[in-house]
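K.L.:
What follows is a predicted protein model with its sequence.
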Amino acid sequence: MDQVIAVPTSQRVKIKLGPLVPLLSFVLIDLFILSLSRFMLSIWQSERVFTVNDYEQIFLGGLRIDLSALGYLFAPALLMVIIATLLHQTRLLRLPLKIYLVAGSLLLLFFELITPTFILEYDLRPNRLFIDYLIYPKEVFSMLFGGYKLEMITTLLVLVLVGKALVLAYNRLWRLAVKGTFWSQITLQLLLVCLLVLGARGTLGHRPINPALVAFSNDHLLNDLSLNSAYSVAFAYKQLKNEMSSADYYGPMDTQTLLGEVRRTLQDSQAHYGDPLAPTKTMHISPFPERKKNLVILLQESLGARYVGKLGGLPLTPNLDQLMDEGWNFTRMYATGTRSVRGIEAVVTGFTPTAARSVVKLGKSQQNFFTLAGFLAQQGYHTQFVYGGESHFDNMKSFFLGNGFQDIVEGADFDKVDFTGSWGASDEDLYDQADKEFTQLQEKGKPFFSLVFTSSNHSPFEYPDGKITPYDSPKQTRNNAAKYSDYALGQFIRKAKQSNYWKDTVFVVVADHDSRVHGSSLVPVRHFRIPAVIFGQDVPHQVENRLASQIDLGPTLLSFIGASGEHPMLGNDFTQPLKADQPRAMLQYDKNFAYLKAGKAIVFQPHKTPQTFLLDGENLVPTQTDARLTKEAHAYANFGSLAYEKGWYQP
């Protein structure tokens with residue numbers, strides 16, 4: 001009788017799995033990295049995580065997303081294994097498979113390591129904003145070196161140490177990858193293909209898994225914790241090609257119904273719309289036709305209402321507070337978004353926000369798109385943009401030059417720069433140059449429009465020494481930067497009041513957005529409230545307590561400077577009568593859209609039924625559905641995408 005020789009269990013595993021040993025092991029390693037990161041983030045955000053009863057959805061949904069991400073990540077590696085097996089060349093697989101698996105794991109780890117910093121800034125995981133910043137490495141690296149050295153060093157150190165550990169682990173695992181029989185290997189590999197496809201899809205339903213399928217909370221960050229950061233960025237990249245189709249997010253609406261709703265709710269319900277190619281274009285008549293004023297917009301970087309003493313915020317803005325006591329102070333002004341280009345879009349073009357990128361960055365809006373600059377250039381104004389950094393950032397230069405701005409003055413063009421930070425010349429240098437520009441333009445006797453965009457109140461919050469008494473320490477903080485920016489504004493206002501252009505100019509100070517938008521609400525309304533004040537020699541003091549949006553500034557300012565003409569803007573003109581329920585605001589928070597009106601808020605989320613809330617101050621309190629207001633909000637939520645796609649927003 002032949003002797004039966006027992007094969008150790010470990011040896012049988014070797015025979016059956018072969019080169020799949022390192023691949024499957026790295027699946028488990030990566031799953032551990034993502035799960036540990038999610039757990040640590042949840043502990044960090046425990047105050048918000050444990051306010052919901054079904055917080056376990058973070059981890060259950062997170063597991064589904066992680067398996068989907070790993071399915072996509074490991075598909076090429078599995079393909080390498082299959083090809084090598086078919087060619088009987090698995091020994092040649094060792095190096096390329098090691099490079100791929102280690103690099104993939106480090107990529108996942110990198111995104112998780114940068115996530116806390118991103119959450120501190122945006123209250124979200126890395127997403128489309130991360131992709132947007134990749135286009136401007138010089139500015140971003142300057143910012144990182146200026147304010148995030150510790151985070152960068154820590155991230156690099158962890159990546160190096162973990163990378164070495166992964167290489168050692170792979171070398172050890174490869175030694176277990178003993179070649180098995182050809183058919184057993186192919187069978188296992190094909191079985192793994194099926195599992196990877198199932199994992200990548202994340203569901204047996206018609207649509208593959210997406211962030212909406214694991215969303216469970218009204219708190220945007222909690223839904224984001226169910227993702228992993230590499231998946232979040234990859235999904236955002238995938239959505240770029242479809243990003244202007246809000247109907248894909250909020251549901252379609254018939255074009256005529258949409259236009260009917262928008263026109264019905266505009267300030268002049270009897271307006272004539274004679275251009276079918278620009279169906280919201282109508283005649284704007286200024287109530288002050290005798291005027292021919294210059295217009296200067298002082299766009300403040302990241303200045304939320306919480307930093308403005310006069311709006312109930314911190315005592316950081318005495319100069320802006322004084323302006324609010326002199327001019328037309330909008331106490332309930334709301335930004336349309338959370339990025340500078342969104343603020344530029346709203347203030348300069350009056351365009352409604354969308355779930356896509358701002359039109360400042362989109363291809364079809366680089367020419368023949370309405371802006372205040374283009375409108376005023378047609379009326380004989382000299383139009384310019386003044387900025388202390390590099391105007392190509394966020395595609396501003398291309399958009400402005402293609403849409404009515406005749407002159408761009410950036411930091412490199414300044415006559416004198418005493419202090420340069422990561423984002424360019426300080427606000428003092430910016431305002432000094434602006435004053436010179438305005439003085440020269442006034443001497444030419446031609447009206448001018450100028451957009452002046454500050455940058456000192458942007459991380460890493462760099463500003464010159466000896467200008468202010470710091471509000472807190474260390475020096476480079478948000479609060480101190482806001483205080484310095486206000487100091488520079490005050491210096492400029494005092495100089496402007498003594499200038500030859502003061503008497504002929506209407507100014508507005510308005511923020512582009514708040515510095516950090518966060519909170520447990522679907523849309524954290526309070527973090528969209530910003531300062532806005534119109535002032536000048538002929539601007540009487542008044543306090544405007546009605547609800548207002550950044551898109552209202554365009555029509556209001558045109559009226560105030562005496563400019564009439566046709567335009568497609570949908571904002572309210574606050575120089576004209578408004579019905580009690582006319583004021584409204586639109587807020588875009590990542591993919592969520594909120595429509596505020598008459599004490600209520602309608603919130604749209606991707607692929608979900610819209611919700612109706614009562615506005616308790618700036619808190620959202622669920623209430624019964626308001627069908628009429630929801631229909632109106634739906635029209636505005638979809639308008640921007642449709643207007644962009646069809647070319648409606650013409651000069």
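P.N.:
Arrived safely. Numbering: from 1, shown residues only.
K.L.:
which stretches of the chain have low pLDDT?
P.N.:
Per-residue confidence for the chain (pLDDT under 70) gives these ranges: 1-17, 53-54, 177-180, 206, 218, 241-245.
K.L.:
Who are the packing partners of the lengthiest helix in the chain?
P.N.:
Looking across the chain with DSSP state H, the single longest helix is helix 56-86. Under the contact definition 3 or more C-beta pairs under 8 Å, 6 or more residues apart in numbering; DSSP states H and E, helix 56-86 sits against helix 20-44, helix 94-122, helix 182-201, helix 211-214, helix 220-225, helix 229-239. C-beta: built from backbone N, CA, C; applies to glycine.
K.L.:
Look at Phe288 and say how many residues are nearby.
P.N.:
By the criterion of other C-beta atoms under 10 Å, Phe288 has 15 neighbours.
K.L.:
Nearest residue to it in space, please, no chain neighbours.
P.N.:
Nearest-residue entry for Phe288: Gly562, 4.7 Å, with adjacent residues in sequence omitted and distances by C-beta to C-beta, 6 or more residues apart in numbering.
K.L.:
and if you look at Gln189?
P.N.:
Spatial nearest neighbour of Gln189, chain neighbours left out: Ile82 (5.1 Å); criterion: C-beta to C-beta, 6+ apart.
K.L.:
so the residue nearest to Phe288 makes contact with Glu290?
P.N.:
Yes. Assessed by C-beta atoms under 8 Å, Gly562 is found in contact with Glu290 at 6.6 Å.
K.L.:
Show residues contacting stretch 183-200.
P.N.:
Contact with stretch 183-200 is made by 15-20, 24, 67-68, 70-72, 74-75, 78, 81-82, 85-86, 179, 204, 208, as judged by C-beta atoms under 8 Å, 6 or more residues apart in numbering.
K.L.:
same thing with stretch 415-422?
P.N.:
So stretch 415-422 is contacted by 139, 142-143, 145-147, 388, 411, 425-426, 428-429, 432-433, 436, 455-456, 458, 460, 462-464 (C-beta under 8 Å, 6+ apart).
K.L.:
Restricting to C-alpha, output that stretch in PDB.
P.N.:
Extracted in PDB, the C-alpha atoms of stretch 415-422 (Å, rounded to 0.1, in the frame of the first residue of the first chain):
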ATOM      1  CA  ASP A 415       4.300  99.900  -9.500                       C
ATOM      2  CA  LYS A 416       5.300  98.900  -6.000                       C
ATOM      3  CA  VAL A 417       5.000  95.800  -3.900                       C
ATOM      4  CA  ASP A 418       6.200  96.000  -0.300                       C
ATOM      5  CA  PHE A 419       5.000  92.500   0.800                       C
ATOM      6  CA  THR A 420       4.400  89.400  -1.200                       C
ATOM      7  CA  GLY A 421       2.600  86.400   0.200                       C
ATOM      8  CA  SER A 422       1.800  83.000  -1.300                       C
END
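K.L.:
Three-state assignment for the residue nearest to Asp394 when sequence neighbours are not counted, please.
P.N.:
By the measure of C-beta to C-beta, 6+ apart, the closest residue to Asp394 outside its immediate chain neighbours is Val341, 4.8 Å from it. Secondary structure, DSSP: H, G, I helix; E, B strand; the rest coil: Val341 is helix.
K.L.:
separation between Val341 and Leu73?
P.N.:
Distance, Val341 to Leu73, by C-beta to C-beta, to the nearest Å: 31 Å.
K.L.:
Ser455 looks like it's in a strand, true?
P.N.:
No. Counting by three-state DSSP, Ser455 is not part of a strand but coil.
K.L.:
quick one on the thing from earlier: who's more crowded, Gly562 and Glu290?
P.N.:
Neighbours around Gly562 and Glu290, counted as other C-beta under 10 Å, are more numerous at Gly562. The numbers are 17 against 6.
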